[in-house]
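K.L.:
Provided below are the primary sequence and the corresponding predicted coordinates.
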Amino acid sequence: MTMISVRDLRKTFPIKKHAGGFVGSLASLFRSEYEGEFEAVKGISFNIERGEMVGYIGPNGAGKSTTIKMLTGILVPTSGEATVAGMVPWETRKQLALKIGVVFGQRTQLWWDLALIESLELLKYMYRVPDDRFQHNLNTATELLGLEEFLRTPVRQLSLGQRMRGDLTAALLHDPEILYLDEPTIGLDIVAKAAIRDFLSELNRARQTTVLLTTHDLDDIEQLCPRIMVIDHGDVMYDGGLSDLKQRWGGRRQLIVDFASEPDVAISELTNGNLEVISIDGPRATIAFDRDSLSAPEVLSRAGAYGDIRDMSLQEPDIEDVIKRMYAGKIPAGV
Amino acid sequence: MRMYYELAKRSFQQQFAYRAATLAGLFTNSVFGVMLSSVYLALYWDKPENASVGGFTAEQAVTYTWIGQALIMPVIFWGWWLIIDTIRSGAVVMDMLKPMDYFRYWLSRDLGRGAAQVITRGIPTLIIGSILFDLVWPESWQRWVAFLISVPFAVTVSFCLRFMFNLWGFWLLDHRGISSLVILVTGVFSGHLLPINWYPPAIRDFINVLPFRSMMMTPVEIWLGQVSIARGLAMQVFWSAVMIGCCYLVLHFAERKVVVQGG
């Protein structure tokens, strides 16, 4: 069953000239001058099935938030179609609100000055969650996220990790069919990140909740999302599995080798089909190699023929780097 | 409806979080109450006892002052920009993603806030005023009740005005330009700055056909017996209804602005 279906969804924003001062502000109420248009989302299409967990990734300003805003109904697209849980979001925002949960990592829907439980109980009335359902969901969250130690603490006194766990619980009290998460682990320590990831996996397994997750954290994606969509400059650049993405666009690891002194310039001759000497900077050489056909010790031993090695470090390709490459359209050698 | 009651309740509780601020505010209101009362009393200094200026005896003028100080926090006559803050921070997005009526959400929050402020600021201010000066009290228990009913209506009209000024923020994203306008409109037109009767007849008649007097002047008149209970409350109900209608109209356009152009 398709939970989210998007066809040629497009959103452009007018770029407004800003008038200054009181008179300027008043005038801008009646007449605005526009400098042009900015195309935030350029006609994207995709389907998400019930129970899928999809990572939606891309650099800042790529169009992720705009897409999510359209899928929650608070933004009307310039053109295109979308249905979410069988509804057109921007026509049925308030009905749809009962079926979706939203967490923005940088914001909170909790009441700052009140105990966490007060906010959760308010949501119970807001979403008309039956008592037994509320209690059940609260118990589950308490157990998996360890809420009981701060359930009665004012939200303003919670740590970021605790607040995030509270926000996640708040978004799920009404058993939403779809959960939108925008940077849910941003700024959290490893323990809090792990707790949240485990909780999301369990939720997805037990309730078949469909999850659309934006993140800059590659570990979030690796542990949670069998499928990822990469968006940049308003376009879907990639839609598929993570390993496939790495294979196609960023399969190379980098070995940084520090020699005792400048290595023999002939080291650049090492470059062949599955290995590339990217740079030689004084005593430091950076070598990229294909993870499938070469091992790190093998590359290291080859480099050792050109100088006395003092130190080395190995870098895995990171997601930002992968996206940068995709955008540049540069397929690395040997892949 | 239960949701809105729960919202008001939480907003009420929230007001008790900052005790030091409450005490400091109470002190400020009292100092201003004393200063303004002294000014009014000076005005009546050489007049015979029970002389009336613009329909107010000296005691009534002092009472007007203290009611005005007591209503500052419950009703709020200036400087309330919570909604604009949510628009600027983007938190408004979370509010709009809720299965609730956006206007009623804020109205119930504000009524809860106002109720708490009646307890923490309104009543203590009047008690301090009555200790320091001779105040006039409502002449019957019906007027006491009518005054207590008129306060939530004053809050409602004030809230509607503040709501609309805040929604302006959907376009301006800033309140510095309109702050001065708000102070003028609410201070003068509500009767908080001076009793409306004291303005020249042309200005007075103009202010009297505006909704803003429901925020301050009407409750004072109900207290002092200068208007019949029925007429006073009827005016407030009428203006509350009109203002709420205006709020929904403005909200309609503001929402459209957000959903079409983005926050």
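P.N.:
Sure, I can see it.

K.L.:
tell me which helix or strand of chain B sits lowest on mean pLDDT?
P.N.:
helix B:169-172 (a mean of 74; mean pLDDT, DSSP states H and E).

K.L.:
got the buried residues for it?
P.N.:
Residues of helix B:169-172 classed as buried: B:169-172 (neighbour count, 16 or more other CB atoms under 10 Å in any protein chain shown). The way it works is simple: take the backbone N, C-alpha and C, and place the C-beta from them, glycine included.

K.L.:
next: stretch A:201-214.
P.N.:
The neighbour-count check on stretch A:201-214 (16+ other CB under 10 Å) flags A:203-204, A:207, A:209-214 as buried.

K.L.:
and A:Glu316, backbone torsions?
P.N.:
The phi and psi values for A:Glu316, taken as degrees, to the nearest 10, are phi -80, psi 150.

K.L.:
quick one: contacts for it?
P.N.:
By CB atoms under 8 Å, 6 or more residues apart in numbering or on different chains, the residues touching A:Glu316 are A:Arg253.

K.L.:
quick one: pLDDT of it?
P.N.:
What the model reports for A:Glu316 is a pLDDT of 75.

K.L.:
how about CSV for the buried residues of helix B:169-172, with distance to B:Thr63 added?
P.N.:
Written out in CSV, the entries for the buried residues of helix B:169-172 read as follows (distance: CB to CB, whole Å):
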residue, distance to B:Thr63
B:Gly169, 37
B:Phe170, 40
B:Trp171, 41
B:Leu172, 39
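
K.L.:
which ones, among those, also lie beside chain A?
P.N.:
Counting by CB under 8 Å from any CB of the partner chain, B:171-172 from the buried residues of helix B:169-172 sit close to chain A.

K.L.:
nearest to B:Ser228, of the buried residues of helix B:169-172?
P.N.:
Using CB to CB, B:Gly169 is the member of the buried residues of helix B:169-172 that sits closest to B:Ser228, with 39.2 Å.

K.L.:
what about the residue nearest to that closest one when sequence neighbours are not counted, helix or strand, and which?
P.N.:
Using CB to CB, 6 or more residues apart in numbering or on different chains and skipping residues adjacent in sequence, the residue nearest B:Gly169 is B:Ile84, 3.7 Å away. Applying DSSP states H and E as the criterion places B:Ile84 in helix B:82-89.

K.L.:
quick check: residues of chain A near chain B?
P.N.:
Chain A has residues A:13-14, A:21-22, A:25-26, A:28-29, A:66, A:69, A:72-76, A:90, A:93-95, A:97-98, A:100, A:102, A:104, A:107-109, A:111, A:113-114, A:118-119, A:121-122, A:125-127, A:154 near chain B, with proximity defined as CB under 8 Å from any CB.

K.L.:
are any of the residues you listed buried, and which?
P.N.:
Neighbour-count burial (16+ other CB under 10 Å) applied to the residues of chain A next to chain B gives A:13, A:25, A:28, A:66, A:69, A:72-76, A:90, A:93, A:97-98, A:100, A:102, A:104, A:107-109, A:111, A:113-114, A:118-119, A:121-122, A:125-127, A:154.

K.L.:
cross those residues against strands and list the overlap.
P.N.:
Here DSSP state E is the test, and those give A:13, A:100, A:102, A:104 as lying in strands.

K.L.:
tabulate those residues (JSON lines), appending pLDDT.
P.N.:
Shown next, in JSON lines, are these (pLDDT from 0 to 100):
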{"residue": "A:Phe13", "pLDDT": "87"}
{"residue": "A:Ile100", "pLDDT": "96"}
{"residue": "A:Val102", "pLDDT": "94"}
{"residue": "A:Phe104", "pLDDT": "86"}
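
K.L.:
for these, which two are the farthest from each other?
P.N.:
Comparing every pair within these by CB to CB identifies A:Phe13 and A:Ile100 as the most remote, at 23.5 Å.

K.L.:
quick check, pLDDT for the closest residue to chain A within the stretch 151-263 of chain B.
P.N.:
When CB to the nearest CB is the measure, the stretch 151-263 of chain B has its nearest residue to chain A at B:Gly177, with 4.3 Å between them. Note on B:Gly177: pLDDT of 72.

K.L.:
same question for A:Leu212.
P.N.:
With respect to pLDDT, A:Leu212 has a value of 95.

K.L.:
can you check A:Met237 too?
P.N.:
Looking at A:Met237 specifically, the model assigns a pLDDT of 84.

K.L.:
what residues are up against it?
P.N.:
Taking CB under 8 Å, 6+ apart as the criterion, A:Met237 is in contact with A:58, A:230-231, A:323, A:326-327.

K.L.:
could you check the helix or strand harbouring it and say which residues are buried?
P.N.:
With secondary structure defined by DSSP H and E, A:Met237 is part of strand A:235-240. Judged by neighbour count using 16+ other CB under 10 Å, the buried positions of strand A:235-240 are A:235-239.

K.L.:
from the chain's centroid, how far away is the longest helix belonging to chain B?
P.N.:
What stands out as the longest helix in chain B, according to DSSP state H, is helix B:229-261. With CA atoms, centre = their mean, to the nearest Å as the basis, helix B:229-261 stands 16 Å off its chain's centre.

K.L.:
for that helix, buried residues please.
P.N.:
Within helix B:229-261, the residues that qualify as buried by neighbour count (16+ other CB under 10 Å) are B:229, B:232-233, B:235-236, B:239-240, B:243-244, B:247, B:250-251, B:254-255, B:258-259.

K.L.:
average pLDDT across that helix?
P.N.:
Mean pLDDT, taken over the full extent of helix B:229-261, equals 92.

K.L.:
other SSEs contacting that helix?
P.N.:
The criterion is 3 or more CB pairs under 8 Å, 6 or more residues apart in numbering or on different chains; DSSP states H and E, and the helices and strands that helix B:229-261 contacts are helix B:92-96, helix B:102-117, helix B:141-167, helix B:169-172, helix B:217-224.

K.L.:
hmm, back to that, what's the local residue count around the residue nearest to B:Gly169?
P.N.:
If you count neighbours by other CB atoms under 10 Å in any protein chain shown, B:Ile84 ends up with 21.

K.L.:
can you name the element that comes right after the strand holding A:Met237?
P.N.:
Later in the chain than strand A:235-240, the nearest helix or strand by DSSP H and E is helix A:242-249.

K.L.:
contacts for the helix or strand just after that next one, please.
P.N.:
Tracing the chain past helix A:242-249, the next element assigned as helix or strand by DSSP H and E is strand A:252-259. Applying CB under 8 Å, 6+ apart, the external contacts of strand A:252-259 come out as A:263, A:276, A:278, A:283-291, A:296, A:299-300, A:303, A:306-317, A:332, A:334-335.

K.L.:
surely B:Ala91 touches A:Gln106?
P.N.:
No: counting by CB atoms under 8 Å, A:Gln106 is not a contact partner of B:Ala91; they are 10.0 Å apart.

K.L.:
same drill for those two, tell me which one is more crowded.
P.N.:
Summary of the neighbour comparison: B:Ala91 and A:Gln106, criterion other CB under 10 Å, with B:Ala91 having more neighbours (17 against 10).

K.L.:
who are the contact partners of B:Ser158?
P.N.:
Contacts for B:Ser158 were tallied using CB under 8 Å, 6+ apart; they are B:75-77, B:186, B:190, B:215.
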